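**Student:** Got a predicted model here, sequence first, then my questions.
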Amino acid sequence: MSKKTKRDDVHLQRLKTEFPDIYRAFLAGEIPSARKAFVMAGIKPERTRLEKLKNSWAKAADTEREAFLTWLAATGARPPTAALSSPPSSSSNPRSAETPIASGRYLLPSTIAEIKAIMARRRLTPEDVMREMGFTAEDRSLAGALARGASLRLTVIAALEGWLGTNARS
């Protein structure tokens, strides 16, 4: 159960004064939650499936996110990071289009290892990689993601997918 807020108190007071029938039904237990009562009264909007998914994703543990991405790949659906990038080209790309490189905004450990291996092989710094992907070299987000596991912007993750496809060994 979520924590009751001051705003909920304001909404409940409004429900009581403006929508007494809905308020009585809520108190009697005919309406299972205050949120449903607020939606019925038009005080709060109905949350979309996307909003509910985003909320659940934010609350999920890393292991749950990885399990979901594994399930998503197994069902043949495109993972979220693949949906942001351009469609796969017909060139010989050793990386599978269904292999996720990130969980949300965080790179997977296997992706970090792959990026570091390519950087070592080509003697690149994170700034060089950012420049190759079309970002400014002063952008330190990739360095933070590789060193500390910091989050990345979705545009950087999408660009990294293409960069990995181009630079991966066959």
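**Tutor:** Perfect, thanks for sending it.
**Student:** Beyond the lowest-mean-pLDDT helix or strand in the chain, next helix or strand please.
**Tutor:** Sorted by mean pLDDT, DSSP states H and E, the helices and strands of the chain end with helix 80-84, the least confident at a mean of 48. The helix or strand immediately downstream of helix 80-84 is strand 102-103, counting by DSSP states H and E.
**Student:** next one: that next one to chain centre, how far?
**Tutor:** For strand 102-103, the separation from the chain centroid amounts to 8 Å (computed by Cα atoms, centre = their mean, to the nearest Å).
**Student:** what's the average pLDDT for whichever helix or strand comes after that strand?
**Tutor:** Downstream of strand 102-103, the next assigned helix or strand under DSSP H and E is strand 106-107. Here strand 106-107 scores 90 as its mean pLDDT.
**Student:** how distant is strand 106-107 from the center of its chain?
**Tutor:** Distance, centroid of strand 106-107 to centroid of chain: 10 Å (Cα atoms, centre = their mean).
**Student:** For it, which helices and strands make contact with it?
**Tutor:** If contacts are counted by 3 or more Cβ pairs under 8 Å, 6 or more residues apart in numbering; DSSP states H and E, strand 106-107 sits against helix 141-148. For every residue, glycine as well, the C-beta is placed using N, CA and C.
**Student:** Pull out the buried positions in the helix it packs on.
**Tutor:** Neighbour counts over helix 141-148 (16 or more other Cβ atoms under 10 Å) mark Leu142, Ala145, Leu146 as buried.
**Student:** The last one: what's it in contact with?
**Tutor:** Looking back up the chat, that one is Leu146. The neighbours of Leu146, taking Cβ atoms under 8 Å, 6 or more residues apart in numbering as the test, are Leu107, Ile112, Ile115, Lys116, Pro126.
**Student:** Okay, and the second one sits in which element?
**Tutor:** This means Ile112. Using DSSP H and E, Ile112 maps to helix 109-122.
**Student:** mind listing what's buried in that helix?
**Tutor:** Burial within helix 109-122, assessed by neighbour count using 16+ other Cβ under 10 Å, is assigned to Thr111, Ile112, Glu114, Ile115, Ile118, Met119.
**Student:** just checking, what packs against the helix or strand harbouring Tyr23?
**Tutor:** Element membership for Tyr23, per DSSP H and E: helix 20-28. Judged by 3+ Cβ pairs under 8 Å, 6+ apart, helix 20-28 is in contact with helix 6-18, helix 34-41.
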